[in-house]
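Q: Take a look and give me a structure for this.
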Amino acid sequence: MLTKSDFQRFLTCKNEFWLDHHFPEEKSEPSLDYQLRREAGYEVEGLATTLAAFKNRDDVTVKFGTEFETDTLYARADIVLTDNTTGEIEIYEVKSGTKAKEEYQIDLTFQCVVAEKAGFNVRKGHLIFLDNSYVFNGELDVQSLLTSSDETEFISQNKGPIEQQIEIATAALDEAEPAASLVGYCKANKLGCRFILKHYPDIPEYNVSHLFNAGSKKLNSLLTDGILNLTDIPDDFAMTDREAAIVAVERSGQPYIDRETVLGEIDDLAFPLNFLDYESFNPAVPKFTNTRPYQQMVFQYSLHTIDEQGAEIRHSYHLSRNDGRHPTEEIVERLHEDLNGRTGTIIIWSEGFEKTRNTEMGDMFPAYAPFLAELNENVYDLRKIFSRRLYMHPRFRGRDSIKKVLPVITDLSYEGMDIADGLTASIKWYHAATGRGTHEERNKTFQDLEAYCHRDTLAMVEIYKHLLTI
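A: Numbers count the residues shown, from 1 in each chain. Prediction:
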């Protein structure tokens, strides 16, 4: 029985699709990310059922969760409208995204194909999704939050090719195992593709697929020649300066540091040095005023400050527990108090995130817009020391994330922390802040969040201190 999820898997990677059918993996505990996405999907689907268009009328019958099935195919439609006069149906697929992506259009077309093969006359197909221009004002307006698109033309134009692919996917389930090739990986997982690993179990953990883009001529050329290790790349192989520099460090086994440039930049930073990090949550359906679908909403910050060279490090922070005030308003007020007019240099890791949050918070709370704009004007992105390849180390594995850099050049790491990444922090905060779990469990989550955000800014301090010694 082929479902739409199976079909999407087939379109993504035919080899993994075959492997999943013949050698299914044991089901593991769903990740927090998967649980959140599933909750968001259910929430949006539930809201869609309240739309005025889906009230029963004399001429139309509305059903939710309608199943279509043939001997080989199965699909479940979120909403089906039946014309009581003609018997024709219209299928609505509800998605928690913010636009009519091709993946969604294919899902909808699959449902229409299965419905027709099951004997129904499908007149139209529609997608319902979130309107990301909607701003929540304190009272949810579902009619404005959700929008729809008529995908009948897409379905008409693509139904034939998709039917052919469905036939190929159905037949593939009974075919012999596909031939394995290093260049037969899926773009999503590269050489981490489960089918590739089954046939090539000795692929090194760090390999050429980490340096070159999936599907690129460079990567496919190396794999065709059986070259997996960066150190085995021929000397005359065409590479960019960045790629060549990473390979050179891997070959030498020694770090590379442009000391003059690094120390010049570090010495130019104006005191006080304020090491700042935010944590945020971006719910599909906005929960707080002046936010849009999926808008990142800051709920926590950590701030380590060095007032002058050689001074003791000060730490301040704030974590909203969602106890009645707008979480982000709390953050802006407290951060304004903590900096107390002494902006100096705002040191962050990967400036795009924090600077965008500052701009958004200024839009939400105009009284603080000048303060937040000043922060953005004085940002120094510490990550760029590593992303610009001014400092490279073979143990970075070509990466420049703080979690890769930190344990290599300092004694700190994120190992053993109950919350050790931003996504987990975001989801666990939301669960705790909205009352999930016992009082003790929520307090434990808040303590873990404080420890995690503290580690992010302390990590930058320790990396900065290390750079002073190179």
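
Q: So in the protein, which helix runs the longest?
A: When every helix of the chain is counted residue by residue (DSSP state H), the longest turns out to be helix 439-467.

Q: just checking, what packs against it?
A: For helix 439-467, the contact count by 3 or more CB pairs under 8 Å, 6 or more residues apart in numbering; DSSP states H and E identifies helix 259-267, strand 273-281, strand 297-306, strand 313-319, strand 345-348, helix 402-409, helix 422-433 as packing neighbours. From N, CA and C alone the C-beta is placed, and that goes for glycine too.

Q: how about that helix: buried residues?
A: 442, 445-446, 448-450, 452-464, 467 (16 or more other CB atoms under 10 Å).

Q: returning to what we had before: now the helices and strands packed on helix 439-467 in JSON lines, with distance to residue 96 and mean neighbour count?
A: What follows is the helices and strands packed on helix 439-467, written out as JSON lines (distance: least, CB to CB, whole Å; neighbours: other CB atoms under 10 Å):
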{"stretch": "helix 259-267", "distance to residue 96": "42", "mean neighbour count": "13"}
{"stretch": "strand 273-281", "distance to residue 96": "15", "mean neighbour count": "24"}
{"stretch": "strand 297-306", "distance to residue 96": "17", "mean neighbour count": "24"}
{"stretch": "strand 313-319", "distance to residue 96": "27", "mean neighbour count": "17"}
{"stretch": "strand 345-348", "distance to residue 96": "30", "mean neighbour count": "22"}
{"stretch": "helix 402-409", "distance to residue 96": "29", "mean neighbour count": "18"}
{"stretch": "helix 422-433", "distance to residue 96": "15", "mean neighbour count": "20"}
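
Q: Show me the one of the ones you listed that comes nearest residue 201.
A: Ranking the helices and strands packed on helix 439-467 by distance to residue 201, with CB to CB as the measure, places helix 402-409 first at 24.9 Å.

Q: now that closest one: how far from the chain's centre is it?
A: Relative to the centre of its chain, helix 402-409 is centred 21 Å away, using CA atoms, centre = their mean, to the nearest Å.

Q: Provide the contact partners of it at residue level.
A: By CB atoms under 8 Å, 6 or more residues apart in numbering, the list of residues contacting helix 402-409 from outside reads 349, 383, 386, 393, 395-397, 399, 412-415, 421, 456, 459-460, 462-463, 466.

Q: Repeat that for stretch 294-301.
A: Residues external to stretch 294-301 that are found in contact with it (CB under 8 Å, 6+ apart): 98, 130, 132, 276-284, 286, 288, 291, 317-320, 322, 327-328, 331, 334-335, 353, 356-357, 360-361, 425, 429, 433, 449-450, 453.

Q: Check stretch 219-227 too.
A: Contacts of stretch 219-227 (CB under 8 Å, 6+ apart): 182, 183, 208, 209, 212, 213, 228, 233, 234, 237.

Q: per the record, what domains does this protein have?
A: Using automatic domain parsing, the domain parsing of the chain gives 4-172, 182-238, 262-467.

Q: who wins for proximity to residue 256 among those?
A: Each of the domains of the chain has some distance to residue 256 by CB to CB; the shortest is domain 262-467, at 4.6 Å.
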